[in-house]
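> Just the structure for this:
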Amino acid sequence: METGLVPPSEPLDWARGAWLHPPVRAERGPAGELVVEPAAESDFWRRTSYGFVHDNGPALLAPLPVGSAMEVSFALDLTGQFDQAGVLVRVDERTWVKTGVELSDGELQLGAVVTREFSDWSLAPVPEWAGREVTVRVSRAGDALTIRARVDDEPWRLVRLAPLDPTAEATAGPFCCAPLRAGLAVRFSGWRQGPADTAVHPED
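This next block holds a predicted model:
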């Protein structure tokens, strides 16, 4: 369990963010949630294997300085190939990280794409997460971005440790994409920010 490594975070209002590529629709719900509909053929990817550059997904971004962390929660209801939702960390169009859950080849996958001119992609199956609330957390400390995720109130899972230039100005926040279809709607139930994680592992 890694819960003790994660300091408390405070809610962020959706109005604190600025849209990178506005969605087709973004509406506040009665419980304070934000329902976002991305355009068809929206995605983030850069070159590797597929040969294309896609940089048109909607993301609601706020500053992520060194020493801070950001969490995004959303209801996991993905039904189309490559439907995805989670957190985007953005320096510029060539340097970014997206992390969250994606439906790939019929299976829900927890993963991350780390891009420094070229994208990579790591995945782990999470079929048991279907229909539940997922929280993805990105924590920036020193030269590193630590990515964690959990479902409901279960313990945090370490997803990825990636380099991030400590002098870079980065923003982060909720994103969603629908590379192959129209009509995806993601219900984001929370956005929070607080201090960076205290360590990577319990023994640190």
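
> Report the separation between residue 163 and residue 91.
From residue 163 across to residue 91, the span is 11 Å (C-beta to C-beta, to the nearest Å). (Glycine included, C-beta is placed from N, CA and C.)

> Which residue of these two possesses the greater neighbour count?
Between residue 163 and residue 91, counted using other C-beta atoms under 10 Å, the more crowded position is residue 91 (17 against 11).

> If you count contacts, what does the helix or strand harbouring the more buried one end up packed against?
Assessed by DSSP states H and E, residue 91 sits inside strand 84-92. In this structure, strand 84-92 packs against strand 59-63, strand 68-75, strand 95-104, strand 133-141, strand 171-177, with contacts taken as 3 or more C-beta pairs under 8 Å, 6 or more residues apart in numbering; DSSP states H and E.

> Could you export that strand as PDB, CA atoms only?
Below are the C-alpha coordinates for strand 84-92, written out as PDB (Å, rounded to 0.1, in the frame of the first residue of the first chain):
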ATOM      1  CA  GLN A  84      -9.600   7.300 -23.000                       C
ATOM      2  CA  ALA A  85      -9.600   9.600 -20.000                       C
ATOM      3  CA  GLY A  86      -7.300  10.800 -17.300                       C
ATOM      4  CA  VAL A  87      -4.600  13.500 -16.800                       C
ATOM      5  CA  LEU A  88      -2.600  15.400 -19.400                       C
ATOM      6  CA  VAL A  89       0.700  17.000 -18.300                       C
ATOM      7  CA  ARG A  90       1.800  19.500 -20.900                       C
ATOM      8  CA  VAL A  91       5.000  21.400 -21.500                       C
ATOM      9  CA  ASP A  92       4.600  21.900 -25.200                       C
END
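
> list the buried ones in it?
Neighbour counts over strand 84-92 (16 or more other C-beta atoms under 10 Å) mark 84-91 as buried.

> For the spatially most central residue of the chain, which residues count as its bridge partners?
When the chain is reduced to its mean C-alpha position, the nearest residue by C-alpha atoms, centre = their mean turns out to be residue 87, at 1.6 Å. Taking DSSP bridges as the rule, residue 87 bridges to residue 99, residue 174.
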